Structures are given as structure tokens and as C-alpha cells.
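Curious how this folds, go ahead:
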Amino acid sequence: MQPQARERDLMAPETEPTDAELHLVMSEALNLAMERKKMSDAMMRQRLLDEVAQVRARHQASK
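From the prediction side, this is the model:
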């Protein structure tokens, strides 16, 4: 008969994360960072397009 495994208290200061736990956390962090980067890139791209359109409109108006 095997002794029952105790639930790990992940918040206990003496608890070291397992490699699998670290991998999961890092994967989730990377996915979140990549999503935020995509959103930021899209926002910057749109701002650039808007600015170019405004400059072109001003240029056309000044002719």
C-alpha cells in the first residue's frame, strides 16, 4: 500500500516549482506576451496609416 501523496501547497515559501509547473507558467506568459505584441503592432500600424492619411490630406489641401 502506497502512502497518499499530500497536496502541494504551491504558495508555501519552501515549495520549489517543478519543471512541468515552470514550463506551464512560462508557456502561458509567452503566449500572453505574443498576443499583446500582436495587438500593439496592429495599433501602431493603424496609427501610422492614420498619420500618413492626415499628412496626405493636408498636402492635397495645400495645393
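
When you work out contacts or count neighbours from here on, use the C-alpha atoms and nothing else.
OK.

Nearest the geometric middle of the chain, what residue?
The residue lying closest to the centre of the chain (C-alpha atoms, centre = their mean) is Ala33, at 1.9 Å.

Please identify which helix or strand holds that residue.
Taking DSSP states H and E as the criterion, Ala33 maps to helix 19-61.

ok, Glu16 - how many residues close by?
By other C-alpha atoms under 10 Å, the residues close to Glu16 number 13.

brain fart, Val52
Around Val52 there are 12 residues (other C-alpha under 10 Å).

mind checking how far Ser40 is from Arg56?
24 Å (C-alpha to C-alpha, to the nearest Å).

ugh, typo on my part, it should be Glu21
According to C-alpha to C-alpha, Glu21 and Arg56 sit 53 Å apart.

cool, Met11 as well?
To Arg56, Met11 is 57 Å away according to C-alpha to C-alpha.

The two: who's more crowded?
Each of Met11 and Arg56 has its neighbours counted (other C-alpha under 10 Å); Arg56 has more, 12 against 9.

Glu7: how many residues sit nearby?
The number of residues packed near Glu7 is 6, by other C-alpha under 10 Å.

For it, which three-state class applies?
Applying DSSP: H, G, I helix; E, B strand; the rest coil to Glu7 yields a three-state assignment of coil.

low-confidence ranges in this protein?
Applying pLDDT under 70 to the chain picks out residues 1-6.

Distance from the helix holding Ala33 to the middle of the chain?
Centroid separation for helix 19-61 versus its chain: 10 Å, with C-alpha atoms, centre = their mean, to the nearest Å.

Okay, buried residues for stretch 45-53 please.
By 16 or more other C-alpha atoms under 10 Å, stretch 45-53 has no buried positions at all.

For it, list the C-alpha coordinates in PDB.
Coordinates of the C-alpha atoms in stretch 45-53 are reproduced here as PDB (Å, rounded to 0.1, in the frame of the first residue of the first chain):
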ATOM      1  CA  ARG A  45       0.300  50.100 -37.800                       C
ATOM      2  CA  GLN A  46      -3.100  51.700 -37.700                       C
ATOM      3  CA  ARG A  47      -1.700  54.900 -36.100                       C
ATOM      4  CA  LEU A  48       0.900  55.100 -38.800                       C
ATOM      5  CA  LEU A  49      -1.700  54.600 -41.600                       C
ATOM      6  CA  ASP A  50      -3.900  57.300 -39.900                       C
ATOM      7  CA  GLU A  51      -0.900  59.800 -39.700                       C
ATOM      8  CA  VAL A  52       0.100  59.100 -43.300                       C
ATOM      9  CA  ALA A  53      -3.500  59.700 -44.400                       C
END
